[in-house]
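Asker: Next one to model:
(one chain, ligands or ions: 2)
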Amino acid sequence: MAVSRKHRATAHARARSSAQHAPASAQQALGRSTRQRSAILSIIARESRPLSPYELHALAIRTIPSISQSTVYRNLRALEEAGEIHAVSIPGQPPRYELAEVAAHHHHHFHCRACDRVYDLEGCPGGLRGLLPRGFTLEEHTIVLSGKCSACVA
Ligand SMILES: [Zn+2]
Ligand SMILES: [Zn+2]
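Answerer: Numbers count the residues shown, from 1 in each chain. Ligands and ions are numbered 1, 2, ... in the order given. Down below sits the predicted model:
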């Protein structure tokens, strides 16, 4: 009994992992999630600043009107697990997401307190080891500046 149940579970897992053997509805679902993921990736690339799940949803419904906030969350998790996007954490804020290729280039962020947008900052002041007490070693650093962006100052 236990053996046959295990066999069924393995066969099921195999069918799920192969799109060719999946029923038509599963193929449609696969096509839909690929479309959703590429839509989310192209929005992040186009806006060229880190976006929150909320901002992404507001932009994604322009191309996929039926997309829900929870679908956006699910796709963001999958894209992050696949190493295509990185989460930018801002203290006390929901995460923002940027492309992995952008994250690979060391940079910092600016958070506008008025419109809540996060922007990339080029460069790094460096020299941070000088802040450390004697005997400490520095492994990484995150710098988030906050204030008002030019659109909000105007
Ligand atoms: Zn602003
Ligand atoms: Zn830096």
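
Asker: now for the strand or helix carrying Leu76, which elements pack on it?
Answerer: Assigned by DSSP states H and E, Leu76 belongs to helix 69-81. Judged by 3 or more Cβ pairs under 8 Å, 6 or more residues apart in numbering; DSSP states H and E, helix 69-81 is in contact with helix 24-47, helix 53-60, strand 85-88, strand 96-99. For the C-beta atoms, the positions are set from N, CA and C on the backbone; glycine is no exception.

Asker: Please identify the most buried of those.
Answerer: strand 96-99 (a mean of 22; mean count of other Cβ atoms under 10 Å).

Asker: Which residue would you name as the spatial centre of the chain?
Answerer: Tyr97 (3.8 Å; Cα atoms, centre = their mean).

Asker: mind listing what that one touches?
Answerer: By Cβ atoms under 8 Å, 6 or more residues apart in numbering, the contact set of Tyr97 is 44, 50-53, 56, 76, 79-80, 85-88.

Asker: Could you point out which residue ranges in the protein have low pLDDT?
Answerer: In the predicted model of the chain, residues 1-23 satisfy pLDDT under 70.

Asker: For it, which residues are neighbours of ligand 1?
Answerer: Contact residues, the chain versus ligand 1 (Cβ under 5 Å from the ion): 112, 114-115, 149, 152.

Asker: List the contacts of Tyr119.
Answerer: By Cβ under 8 Å, 6+ apart, the contact list for Tyr119 reads 49, 109-110, 112, 149.
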